[in-house]
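> after the sequence you'll find the predicted model.
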Amino acid sequence: MTHPTPAPHGSPAHSQPHGHGSHELGHDATDSHGHGTHAREDHGTHAHEHAHEQDGLAELLDLDAELFAPYLAASMRSIAEVAGDDVKRIVDLGAGSGTGTFAPLKQFSSAQVTAVDSSAHMLEQLTRTAAAKNLDSRVHPLEADAGTSLPGVTDADLVWASASMHHMDDPTATLGIIFKALRPGGLLAIAELDGMPRFLADDAVPERPGLEGRCREALTTLHDEEVPHMGADWGALLASAGFTLEEERAESLELRPQSGGSAGLYAHGTLSRIRGALVGRVDPADLEALDTLVNGGPADVRHRDDLVVRSTRELWIARRPTDSGS
């Protein structure tokens with residue numbers, strides 16, 4: 001579940017974000033990831049604006065999934081090596097637009113996926129994409145807040161939580177809900193990233209050297225305030241919840257894509273979304289420099305040939321013990 005920055009998670013008590021991968025990308029001022037703030041604007045201008053914001057996040061998550069597709073496929077192979085072939089019932093926790101929903105379907109060819117998200121709009125997008133891929137018979141949307149309950153979900157073989165667990169208000173309680181939703185011997189796979197991806201060299205804006213590092217540091221401070229479980233010790237939390245940790249690893253990924261392609265759009269979407277969150281948190285001169293990277297001018301990231309996409313991604317695979325109670 002790709003996907004990802006300040007926090008559209010994080011506002012009021014909706015603990016179930018959406019999306020995979022680029023979750024550190026996009027909350028607006030409070031929510032650079034684009035999950036979490038699931039205020040239910042059901043009518044009028046607010047509903048339109050909310051849908052537009054989520055459409056932008058969905059596009060960003062799709063770009064993340066495209067760029068990091070080899071890593072996602074490798075993660076699925078790692079899960080399959082632990083799970084074996086007998087995986088029929090999968091739960092995608094924080095499914096968002098579905099960027100992480102279809103990878104397990106590809107890996108486990110006879111499986112069905114329950115795609116869980118608290119945003120009806122995101123689930124509608126996911127359903128349309130599943131139909132376009134002729135996978136609608138294998139994808140079952142469930143509008144729910146996984147931080148509170150997973151209604152009707154039992155005996156799952158695999159729960160896949162990509163960039164969603166750090167949005168939960170109470171990770172311990174959520175792990176307990178997941179534990180009960182799994183069959184004995186079932187697996188939970190948690191994928192997280194260490195914050196906003198990095199794109200630029202320190203001297204990318206000569207007048208403001210180190211710009212991206214300062215922006216990332218400011219976002220980290222914001223995350224500490226609003227998304228306190230980002231960077232949590234999931235291995236320890238899984239053990240405390242009764243899981244047996246099967247695998248844990250972190251990988252520092254570095255992509256050197258061709259200019260003018262998806263990487264530029266990905267960088268532009270990410271940097272544009274974080275801008276509002278940085279107001280009052282970085283020097284105004286840094287905001288002006290950031291604007292030059294997204295305003296369509298010669299320094300715009302969509303036109304540069306020096307982008308390097310860097311992201312550290314972590315994976316935990318844990319099992320509900322076969323002798324655990326109900």
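Thanks, I have it. Numbers count the residues shown, from 1 in each chain.

> A helix includes residue 252, no?
No: Residue 252: not assigned to a helix; according to DSSP: H, G, I helix; E, B strand; the rest coil it is strand.

> could you report the neighbour count for the nearest residue to it once chain neighbours are set aside?
Leaving aside its sequence neighbours, residue 252 sits nearest to residue 312 (C-beta to C-beta, 6 or more residues apart in numbering; 4.9 Å). (Each C-beta comes from the backbone N, C-alpha and C, glycine too.) Applying other C-beta atoms under 10 Å, we find 15 residues neighbouring residue 312.

> same question, residue 197
Here the count is done by other C-beta under 10 Å, and residue 197 has 29 residues near it.

> the nearest residue to residue 198 once chain neighbours are set aside and residue 190, how far apart?
Sequence neighbours aside, residue 310 is the residue nearest to residue 198 in space, at 4.4 Å (criterion: C-beta to C-beta, 6+ apart). For residue 310, the distance to residue 190 equals 21 Å [C-beta to C-beta, to the nearest Å].

> of those two, who's got more company?
residue 190 (28 against 14).

> for residue 161, grab phi and psi.
phi -120, psi 100 (degrees, to the nearest 10).

> which parts of stretch 310-321 are buried?
Across stretch 310-321, burial judged by 16 or more other C-beta atoms under 10 Å covers 311, 313, 314, 315, 316, 317, 318, 319, 320.

> can you show me the helices along the stretch 201-326 of the chain?
All helices of the stretch 201-326 of the chain, identified by DSSP state H, counting those that start in this stretch, fall at 211-226, 234-240, 262-278, 284-292.

> out of those helices, flag the one nearest residue 196.
In terms of C-beta to C-beta, the element of these nearest to residue 196 is helix 211-226, at 5.5 Å.

> what about the closest residue in space to residue 190 that isn't next to it in sequence, distance to residue 119?
Leaving out its chain neighbours, the residue that sits closest to residue 190 by C-beta to C-beta, 6+ apart is residue 316, at 4.6 Å. For residue 316, the distance to residue 119 equals 25 Å [C-beta to C-beta].
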